[in-house]
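> Here you go, sequence then predicted model.
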Amino acid sequence: MTYTEVTFTIQPYSEAIADALISELGNLGYDGFSCTENGFTTYIKSKDFSEKNIHELQVLQYFSEQYRISFTTQIIEDQDWNKVWEENFTPIIVDGRIHVRAGFHAPLPGMEYEILIEPKMSFGTGHHATTTLMLRTILRLAEQIKDKKVLDMGCGTGILSIMAAKTGAAHVTGIDIDEWAFNNAMENIRNNRLNNITIKIGDASLLQKENSFDFILANINRNILLNDMHSYTAHLHSSGYLIMSGFYVKDLPLIREKAESLGLIFQHYLEEKEWVAACFYKN
């Protein structure tokens with residue numbers, strides 16, 4: 001299988017514009033985002049690549065008068081993928097307590113939590129603000145998560161499932177629509193030597209066959225969250241928590257309005273680079 005690498009250049013560079021582009025590209029199926037000096041690089045299966053779809057992006061059209069946004073492409077063969085990531089993936093530390101690294105990085109002594117991630121084509125390496133915010137929120141609620149049943153919607157690499165398991169969750173179920181994400185998450189679970197995580201391929205419709213959860217994690221995007229929030233709420237135990245990210249601060253009122261219409265109670269939110277992770281409680 002081949003992938004198309006797309007490298008965006010933004011002049012003058014704006015992190016906010018880059019984040020807006022990344023958000024919209026994620027909706028088109030792009031993944032594996034990594035920063036460059038003047039933009040970022042992302043990947044998509046070559047059969048799904050469309051220049052027309054990129055040119056029609058709303059954010060590209062909106063900012064075209066103020067910024068010069070261009071992109072270049074090249075084909076990446078599947079066998080070169082690990083090399084690409086080894087050259088671009090760097091370890092991160094979250095709140096001085098979580099160390100996210102690949103197998104080719106050295107461990108850091110004294111870290112409370114260490115998560116091994118072989119990122120490949122799945123979203124969720126901890127580098128994007130939304131993943132970091134979700135990890136920080138899980139840290140805040142670690143005592144409550146202990147011995148509880150957790151759902152990770154749009155699990156990607158499985159990083160949030162792994163973090164929940166490492167904080168003591170009794171069992172974690174991860175769901176992602178992408179078969180590549182499923183395979184990658186399974187690899188990462190094995191590498192972290194965990195045996196209480198189940199990964200499934202599908203979307204929110206899979207929840208019809210699931211029992212309720214004590215915690216639901218959903219780091220996806222605003223539109224999917226708004227569309228599927230009723231399913232999350234229906235499968236959330238009383239006294240359970242729904243934690244969502246993948247949207248901007250400006251979208252928080254809309255997310256909160258939807259959640260409260262479903263009977264959820266807003267608890268708190270964390271913010272980074274205009275992105276948000278919000279926590280809601282079910283009575």
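Cool, got the structure.
> How about the contacts made by residue 29?
44, 45, 48 (C-beta atoms under 8 Å, 6 or more residues apart in numbering). From N, CA and C alone the C-beta is placed, and that goes for glycine too.
> what's the spacing between the residue lying closest to residue 115 once chain neighbours are set aside and residue 141?
Distances taken as C-beta to C-beta, 6 or more residues apart in numbering place residue 100 nearest to residue 115, at 4.8 Å, with adjacent residues excluded. Distance, residue 100 to residue 141, by C-beta to C-beta, to the nearest Å: 19 Å.
> Have a look at those two and say which one is more surrounded.
A count of neighbours by other C-beta atoms under 10 Å puts residue 100 above the other of residue 100 and residue 141, at 29 against 17.
> Mind pulling the model confidence for that one?
If you check residue 100, the pLDDT there is 93.
> Starting from residue 76, give me the distance back to it.
Distance, residue 100 to residue 76, using C-beta to C-beta: 23 Å.
> so where do the strands sit in the stretch 1-150 of the chain?
For the stretch 1-150 of the chain, strands defined by DSSP state E, counting those that start in this stretch occupy the ranges 2-11, 31-36, 39-45, 68-77, 92-94, 98-101, 113-116, 149-153.
> Which of the ones you listed sits closest to residue 190?
strand 113-116 (9.6 Å; C-beta to C-beta).
> got a list of contacts for the closest one?
Taking C-beta under 8 Å, 6+ apart as the rule, strand 113-116 contacts 97-103, 107-108, 126, 159, 162-163, 166-167, 188, 191-192.
> swap the cut-off to 10 Å and go again
91-92, 94-95, 97-103, 105, 107-108, 125-126, 135, 138-139, 142, 157-160, 162-163, 165-167, 187-193 (C-beta atoms under 10 Å, 6 or more residues apart in numbering).
> Return the list of strands paired to it, each annotated with direction.
Neighbouring strands of strand 113-116 in its sheet, by DSSP bridges, are strand 98-101 (parallel).
> circling back to that earlier point, please name the bridge partners of the residue nearest to residue 115.
Here residue 100, judged by DSSP bridges, has bridge partners residue 92, residue 115.
> from memory it sits against residue 166, does it?
No: at 11.5 Å, residue 100 does not count as touching residue 166 under the criterion of C-beta atoms under 10 Å.
> Next up, the contacts around residue 35.
15, 18, 22, 41, 88, 90, 127, 128.
> how does it look with 7 Å?
Under the criterion of C-beta atoms under 7 Å, 6 or more residues apart in numbering, residue 35 has no neighbours.
> before we move on, what about residue 270?
By C-beta under 7 Å, 6+ apart, the neighbours of residue 270 are 133, 136, 137, 277.
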